[in-house]
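Undergrad: Pasting a predicted model and its sequence here:
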Amino acid sequence: MNAKQVINPKGFRFNVLSLALVLIISVCTVFVSGNTTTLAAPVSVYLSDELTPTSVTGDIEQMTPNNSSYNKNQSFYKTQLSINGVKYEKGIGSHSNSSIKYDLNGQYTKFTVDVGIDDQVAAGHGSVNFVIIADGKILYISPVKKSHESAEHVEVDIAGKNTLELVAFNANDNIDNDHANWADAKLFK
């Protein structure tokens, strides 16, 4: 039996319009019922405001007890943090060789920071490698940074990590003028 199929243009239009109406009603129902998922922007906090180090160790404390490898929101010389002319309100002023450790307790997803030598140091002096360690694993090692070079922006994944360690190593010589800035250091939740 050869049956011919005839497409009814009016019926086709009706089916398309019906389908569109069903989709619109479904979308409206989802929004009215509150069954929506919104992607919120990650919340960031300044490391220097959020956490206190669990330990700070460094060569500078052994040489000059009045100085510290941890200076909250200021440079090693107790001035505003500044890298190659860029001023920072928040961060940590440090000195090589040093280690600053924090407990994260798995609460954060990402750590960002601008690293470089503070502008208080004469051009071309100081030489530091910045190292970021989480749960004993090295996440980042900077190239050798010298004064009056641009800051290097760093982003590392710390999701589920329990500890964070910021290490400043003297890179090419001794620790003279190795004023290491961890500027604009932020944790993301």
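TA: Now that the structure is in, tell me what you want to look at.
Undergrad: CA only for contacts and neighbour counts going forward, please
TA: Fine.
Undergrad: Quick check, central residue of the protein?
TA: By Cα atoms, centre = their mean, the chain has its centre lying nearest to Thr112, at 1.8 Å.
Undergrad: list the contacts for that residue?
TA: Each residue near Thr112 by Cα atoms under 8 Å, 6 or more residues apart in numbering is listed here: 153-156, 184-187.
Undergrad: Among the residues you listed, name the buried ones.
TA: Among the contacts of Thr112, the ones that count as buried by 16 or more other Cα atoms under 10 Å are 156, 184-187.
Undergrad: For this protein, give me the ranges with low pLDDT.
TA: Residues of the chain meeting the criterion pLDDT under 70: 1-40, 60-67.
Undergrad: hey, where'd the strands end up in it?
TA: Ranges of strands within the chain are 44-46, 55-58, 71-72, 81-83, 86-88, 91-95, 98-103, 110-117, 128-134, 137-141, 152-157, 163-170, 179-188, based on DSSP state E.
Undergrad: rewinding a little: quick one: the residue nearest to the centre of the chain and Glu152, what's the gap?
TA: 11 Å (Cα to Cα, to the nearest Å).
Undergrad: just Leu51 next, same as before
TA: Look at Leu51 and Glu152: by Cα to Cα, they are 23 Å apart.
Undergrad: go on, Ile117?
TA: Separation of Ile117 from Glu152 (Cα to Cα): 10 Å.
Undergrad: if you count what's nearby, which of these two comes out ahead?
TA: Taking other Cα atoms under 10 Å, Ile117 and Glu152 do not tie; Ile117 has more neighbours (34 against 15).
Undergrad: That one against Ala123, yeah?
TA: No - if you go by Cα atoms under 8 Å, Ile117 and Ala123 don't touch, sitting 9.7 Å apart.
Undergrad: joint contacts of these two?
TA: Any residue near both Ile117 and Ala123 by Cα under 8 Å, 6+ apart counts here, and that gives 146-148.
Undergrad: With neighbour count and distance to Asp103 as extra columns, can I get those residues in CSV?
TA: Formatted as CSV, the shared contacts of Ile117 and Ala123 follow (neighbours: other Cα atoms under 10 Å; distance: Cα to Cα, whole Å):
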residue, neighbour count, distance to Asp103
Lys146, 27, 29
Ser147, 25, 30
His148, 21, 32
